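In: quick check, what structure comes out for this input:
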Amino acid sequence: MKNQSRTRLKKGDPVVVIAGKDKGKRGQILQVLPKKEAVLVEKVNMIKKHTKADKEGSGGIVEKEAPIHQSNVMYYDSIAGKGSGIRMKILEDGTRVRISKRSGEAI
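Out: From the prediction side, this is the model:
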């Protein structure tokens, strides 16, 4: 059985990069790739992709985001102004809520 991803990060979450060439950069998650255990973060891990011309438009070199492993990003807590872990909490009515470990606020 393949390793199941247990990421608590979601699309649109603000994150900070904690390792790699883009360490310290912040951005929002554009896409979560659970099978690769990776995320796409806007303006982080930019690559140049050479595209061939097609009927709609011309080809050229396009800059786009490449996936970054989820272990190299951390949720950015705007209240604390730092990266924070995420934990789950079950409320009295049975709903699950994501909580920032640093500030204790619901996400």
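
In: drop to CA atoms for contacts and neighbour counts, all remaining ones
Out: Fine.

In: buried residues in the top strand by length along the chain, which are they?
Out: Longest strand in the chain by number of residues (criterion: DSSP state E): strand 26-33. Across strand 26-33, burial judged by 16 or more other Cα atoms under 10 Å covers Arg26, Gly27, Gln28, Ile29, Leu30, Gln31, Val32.

In: what ranges do the strands span in the protein?
Out: Using DSSP E, strands in the chain cover 14-17, 26-33, 38-41, 46-51, 60-65, 68-69, 73-77, 82-84, 86-90, 96-100.

In: beta-bridge partners for Tyr75, please?
Out: In this entry, Tyr75 is beta-bridged to Val15, Ser84, by DSSP bridges.

In: same check, this time on Arg98
Out: With DSSP bridges as the criterion, Arg98 is bridged to Met88.

In: in contact with it, which residues?
Out: Arg8, Ile86, Arg87, Met88, Lys89, Ala106, Ile107 (Cα atoms under 8 Å, 6 or more residues apart in numbering).

In: so who does the fifth one touch?
Out: Taking Cα under 8 Å, 6+ apart as the criterion, Lys89 is in contact with Arg96, Val97, Arg98, Ile99.

In: nearest to Gln70, of these?
Out: Ranked by distance to Gln70 (Cα to Cα), those are led by Arg98 at 16.9 Å.

In: returning to that earlier point: mind putting the contacts of Arg98 into a markdown table with pLDDT and distance to Glu37?
Out: Output for the contacts of Arg98, formatted as a markdown table (pLDDT from 0 to 100; distance: Cα to Cα, whole Å):
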| residue | pLDDT | distance to Glu37 |
| --- | --- | --- |
| Arg8 | 90 | 11 |
| Ile86 | 94 | 16 |
| Arg87 | 94 | 18 |
| Met88 | 94 | 19 |
| Lys89 | 94 | 23 |
| Ala106 | 92 | 24 |
| Ile107 | 89 | 21 |
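
In: fine by me, thanks again.
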